[in-house]
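Engineer: Any chance you can model this:
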Amino acid sequence: MRIGIVGGGQLGRMLALAAHPLGIRSTVLDAGDECCASDVADHIHGTFDDVAALEQLASRSDVITFEFENVEVEELRSLTSTRIFPPLDALAVSQDRFSEKTLFQSLGIETPRFAAIDTIDELRNAAGEIGLPAVLKTRRMGYDGKGQFVLRESADIERAWNELGGTPLILEAFVPFDRELAIIAVRSREGTMATYPMTQTKHIGGILAESIAPPPHISKETTASAVQAVTAIAEKLDYVGALALELFDCDGRLLANEFAPRVHNSGHWTIDGAECSQFENHIRAVLDLPMGSTACIRPTAMLNLIGRTPALGALAHFPDLRIHLYRKAENPGRKVGHVTISADTHEALDAALTPIRRLIERYTQR
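Structural biologist: Residues are numbered from 1 along each chain as shown. Sure, this is the predicted structure:
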């Protein structure tokens, strides 16, 4: 069996690594001369809107999938010889934050208040209705905190417009949350759903720094609410593959932030901490194979390596630490790897994390 992956970054790399033990060949499409997935998968050089390169990928693949949202939907729709999962309608919705929030609203999933913004007058009016602070975001593109401006007072409106105006925008109410959560589901072609335990996430500067699964002190009611929301989204979109839903926990009340129609950074812990990782289950789902167990083996934490990679010997000093380096050039704000560690209890996990956090923070460049 063969799978084609649009994108050769770290997610493409981890998908290919998950496919290999199953005897599945992977090919990635990426414009980079040496993308980080290229040493574990075949590599077609080309941009994501290069129809000839996409057709070449299709000719080498039984199924095509993608590793991130910012790919060209219409060019992918032109490929009729190979099936594409997740469905492109789900990809299209996820590419526009207003369409995404509107979908949540239609399904009865609570979100922060929001409004579409096309002019500075609309921004002024929406800021008055929603209230400040609020977050102005580009409706399309943007990731890891890019394409966003926090409005804290009315004087920020013109500055935000000058920085982000000229492209469709969305204004969202600023949410004073207790913590950030995420839930990852996998849905088969036949509609069978499975969810991983909830994940508690921590972002710094818009970039995921750390995640813990399952979260400490999470109620059954909160988990059930998240499962209901992600299931509703997957069923509405007739989804196939892994799907991540990011949430704000506001004293037990969940507000949906955004969803990702793909494998997700919040689920990296599943490689070492779950019976079957999100990457393998995504491969299984899109290729119409039975899915593996999503059970968590032990409480597990994941820490991203951002900007610079700590010395390998320093990381290896921790015998229980699992190290995943992406072979990417080091730049501030760039995810160059991650590590995971597990323990029998959340208390033991927190104690083990303290020296690891100190080491990673010394090298982090945001």
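
Engineer: What segments of the stretch 1-150 of the chain are strands?
Structural biologist: Counting by DSSP state E, counting those that start in this stretch, the stretch 1-150 of the chain has strands at residues 2-6, 25-30, 42-45, 63-66, 83-84, 114-117, 134-138, 148-151.

Engineer: Determine which of those strands approaches residue 316 most closely.
Structural biologist: Closest approach to residue 316 among the strands of the stretch 1-150 of the chain (Cβ to Cβ): strand 25-30, 27.8 Å. (C-beta placed from N, C-alpha, C; glycine too.)

Engineer: Adjacent strands (with direction) for that closest one?
Structural biologist: strand 2-6 (parallel), strand 42-45 (parallel) (DSSP bridges).

Engineer: can you list the domain ranges for this protein.
Structural biologist: Annotated domains of the chain cover 2-84, 113-173, 179-363 [automatic domain parsing].

Engineer: possible to save those as JSON lines with mean pLDDT, mean neighbour count and distance to residue 103?
Structural biologist: JSON lines is the format used below for the domains of the chain (pLDDT from 0 to 100; neighbours: other Cβ atoms under 10 Å; distance: least, Cβ to Cβ, whole Å):
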{"stretch": "domain 2-84", "mean pLDDT": "95", "mean neighbour count": "19", "distance to residue 103": "14"}
{"stretch": "domain 113-173", "mean pLDDT": "91", "mean neighbour count": "17", "distance to residue 103": "12"}
{"stretch": "domain 179-363", "mean pLDDT": "97", "mean neighbour count": "19", "distance to residue 103": "7"}
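
Engineer: right, so of those domains, which gets closest to residue 106?
Structural biologist: The closest of those to residue 106 is domain 179-363. By Cβ to Cβ, the value is 8.1 Å.

Engineer: Enumerate every residue touching the residue nearest to the spatial centre of the chain.
Structural biologist: For the chain, the residue nearest the mean C-alpha position is residue 264 (3.2 Å; Cα atoms, centre = their mean). Taking Cβ atoms under 8 Å, 6 or more residues apart in numbering, we find residue 264 in contact with 182, 184, 242, 244, 278.

Engineer: where does residue 221 fall, phi/psi-wise?
Structural biologist: Main-chain dihedrals, residue 221, degrees, to the nearest 10: phi -70, psi -40.

Engineer: Just to check, it is in contact with residue 252?
Structural biologist: Yes: counting by Cβ atoms under 8 Å, residue 252 is a contact partner of residue 221 at 7.2 Å.

Engineer: any idea how far residue 77 is from residue 89?
Structural biologist: Counting by Cβ to Cβ, to the nearest Å, the separation of residue 77 from residue 89 is 10 Å.

Engineer: in the stretch 251-366 of the chain, which spans are strands?
Structural biologist: 253-260, 300-306, 322-325, 335-342.

Engineer: can I get those strands in a markdown table with distance to residue 270?
Structural biologist: Below are those laid out as a markdown table (distance: least, Cβ to Cβ, whole Å):
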| stretch | distance to residue 270 |
| --- | --- |
| strand 253-260 | 14 |
| strand 300-306 | 8 |
| strand 322-325 | 12 |
| strand 335-342 | 9 |
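
Engineer: Of all the ones you listed, which one comes closest to residue 199?
Structural biologist: Closest to residue 199 of the strands of the stretch 251-366 of the chain is strand 300-306 (Cβ to Cβ; 8.5 Å).

Engineer: So which elements touch that closest one?
Structural biologist: The contact analysis (3 or more Cβ pairs under 8 Å, 6 or more residues apart in numbering; DSSP states H and E) places strand 300-306 against strand 207-213, strand 335-342, helix 346-363.

Engineer: Note down every partner strand of the shortest one and its orientation.
Structural biologist: Applying DSSP bridges, strand 207-213 is found paired with strand 199-204 (antiparallel), strand 300-306 (antiparallel).

Engineer: what comes into contact with it?
Structural biologist: 144-145, 182, 196-203, 265-266, 268-270, 273, 296, 299-304, 306, 333, 335, 346, 349, 357, 366.

Engineer: redo that, cut-off 7 Å
Structural biologist: Strand 207-213 is contacted from outside by 144-145, 197-203, 265-266, 269, 273, 296, 300-304, 306, 333, 366, using Cβ atoms under 7 Å, 6 or more residues apart in numbering.

Engineer: Check the contact between residue 172 and residue 114; I expect there is one.
Structural biologist: Yes: between residue 172 and residue 114 there is a contact at 4.7 Å, judged by Cβ atoms under 7 Å.
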